[in-house]
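>>> Here is a sequence together with a model predicted from it:
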Amino acid sequence: MSGLTPDAINKLKLFIQAVEQNPDILNLPELKFFKDFVENAGGLIPPKCSKPSTDAPKTEKSSFKPEPSAPEPSAPEEESEESDLELDNEGVIADPDPEEPVPDVATEQEVSEENIDKSNDKKREAIHAYNDAKYDEAVSAYSEAILLNPSSALLYAKRGQVYLQLSKPNACIRDCSVALKINPDSAAAYKFRGRAYRLLGKWEEAARDLRNACKIDFDEQADEWLKEVTPNARKLEEHQRKYERKRAERELREKQERVRRAREEHAKAAASNAGPQPEAEFDFGAGGAPGGGAPPDFMDMFNDPELAAAFKDPEMIAAFSDITSNPANIIKYQNNPKVMALITKMSSKFGGMGGGMGGMPGMGGMGVFPEWEVWVVFLGVWAVAHPPAVAREVQMILV
């Protein structure tokens, strides 16, 4: 900050205000250096709004043609991010077997010792067939073993292994998913399902399953497969984090823009309603203030020593604050001689309180203040406690 003069800082503030009013100026060629700085810092420059104009020359329209005209930049941003993501898809099966839902298997039924023995015999047959590269026979043998012992997670995982050899990764995923339902700690099921995901090009899922397999029971082949899928998985994970960060930044900018627009609309509405009210709206009645309804001259009231002393009394200030919050609260002070004496004195200053001084029971003819007179009292309380110059400003506001 030592190199920036106050004048330079003020100019920078003016520039930021100009950008907030019209972000399109950041797309001007002479501000390209600033646009590059913002984008290199991770910011996003909104695209130039394309609005038809008969005054603009055709050359200017064509110079900004590459800029997207849509106000929502999310689609181009996602496309550009995907195009920057290069994955090694070697070994991915182009035409795999069809995906099918994971079947519901009755895995909790009791299995007799006889069926377990028969299932083990079929499993041995399947292993021999697999070792002889007779994969269809191995699938059939494992299927018979599963029918005899449907509660064995290992049988499903091993049949999934055979499906890998038959280039049926989706069938492998189904079997291994059933195995993990039976035994969530089946390292073999995680291992073979992770390999199946790799053959489908689902790198993140593959890395997750292979990591779990190595955590449960380290296996050199599973570790080798994990190293194979890790580069692509990391690229996708980093890409996802980058996408989520940019999406969060975009949503924050959109929220800030909505807030800014709402504030501008509110300010415009307040400015349009801030003009002087028509005199007809202030109907104070025939017995109102001097001048047929205009507020009286407050300087006389401010110069009255008795009133000035009363308005500096904390009790009086509290009472009149209560009355200004709700004029009907004046009835609470009908038995307070200090408050009522001051109200009587003020009513004489106002020349009769707008014809509203009679009619409130028990008030001795003192009615509720008309609305404008309540605010007059409030401003009087506030202004008397301030220097005369402030009181004169209050008078100018009211008149």
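Received it, and whenever you're ready, just let me know what you need.
>>> make it CA atoms for all contacts and neighbour counts henceforth
Will do.
>>> hang on, isn't Pro169 packed against Gly194?
No. Using Cα atoms under 8 Å, Pro169 is not in contact with Gly194; the gap is 9.7 Å.
>>> higher neighbour count, these two?
Shown here are Pro169 and Gly194; by other Cα atoms under 10 Å, Gly194 has more neighbours (32 against 29).
>>> Now the more buried one: closest residue in space, sequence neighbours ignored.
Of all residues not flanking Gly194 in the chain, Ala206 sits nearest, at 4.1 Å (Cα to Cα, 6 or more residues apart in numbering).
>>> Now for that neighbour, how many residues are close by?
27.
>>> Which helix or strand in the chain has the lowest average pLDDT?
helix 58-63 (a mean of 41; mean pLDDT, DSSP states H and E).
>>> What residue spans form the domains of this structure?
As given by automatic domain parsing, the domain ranges for the chain are 113-235, 298-398.
>>> now the strands: where do they sit in this protein?
Assigned by DSSP state E, the chain shows no strands.
>>> which intervals of it have sub-threshold pLDDT?
Applying pLDDT under 70 to the chain flags residues 1-3, 41-44, 46-84, 106-107, 274-303, 311, 347, 349-399.
>>> Which helix runs longest in it?
When the chain is parsed with DSSP state H, its longest helix is helix 220-272.
>>> just checking, what packs against that helix?
Secondary-structure packing of helix 220-272 (3 or more Cα pairs under 8 Å, 6 or more residues apart in numbering; DSSP states H and E): helix 74-84, helix 187-199, helix 203-216.
>>> try 10 Å
Contacts defined by 3 or more Cα pairs under 10 Å, 6 or more residues apart in numbering; DSSP states H and E place helix 220-272 against helix 6-21, helix 74-84, helix 187-199, helix 203-216.
>>> quick one: that helix to helix 6-21, angle?
100 degrees (axes from the mean of the first three to the mean of the last three Cα atoms, to 10 degrees).
>>> Tell me what angle helix 220-272 forms with helix 203-216.
130 degrees.
>>> any residues in contact with both of Pro169 and Gly194?
Leu200 (Cα atoms under 10 Å, 6 or more residues apart in numbering).
>>> before we move on, the earlier item: between the longest helix of the chain and helix 187-199, how many degrees?
60 degrees.
>>> Out of the helices and strands packed on helix 220-272, which is the most enclosed?
With neighbours defined as mean count of other Cα atoms under 10 Å, those peak in mean count at helix 187-199, which reaches a mean of 28.
>>> what's the burial count for Glu113?
Neighbours of Glu113 (other Cα under 10 Å): 10.
>>> swap in Asp217?
14.
>>> Kindly report the same for Ala157.
Ala157, neighbours per other Cα under 10 Å, totals 29.
>>> what sits against it?
Contacts of Ala157 by Cα under 10 Å, 6+ apart are 142, 163, 172-180, 186-193.
>>> how close does Ser112 get to Asn120?
Using Cα to Cα, to the nearest Å, Ser112 is found at 12 Å from Asn120.
>>> To clarify, my last question referred to Ile45.
67 Å.
>>> same deal with Asn131?
Asn131 is 17 Å from Asn120, by Cα to Cα.
>>> can you pull the contacts of Ile216?
So Ile216 contacts Asp185, Ser186, Ala187, Ala188, Tyr190, Leu210 (Cα under 10 Å, 6+ apart).
>>> Would you mind putting those residues into TSV with distance to Leu12 alongside?
Formatted as TSV, these follow (distance: Cα to Cα, whole Å):
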residue	distance to Leu12
Asp185	61
Ser186	63
Ala187	61
Ala188	63
Tyr190	58
Leu210	54
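>>> This completes my enquiry, with thanks.
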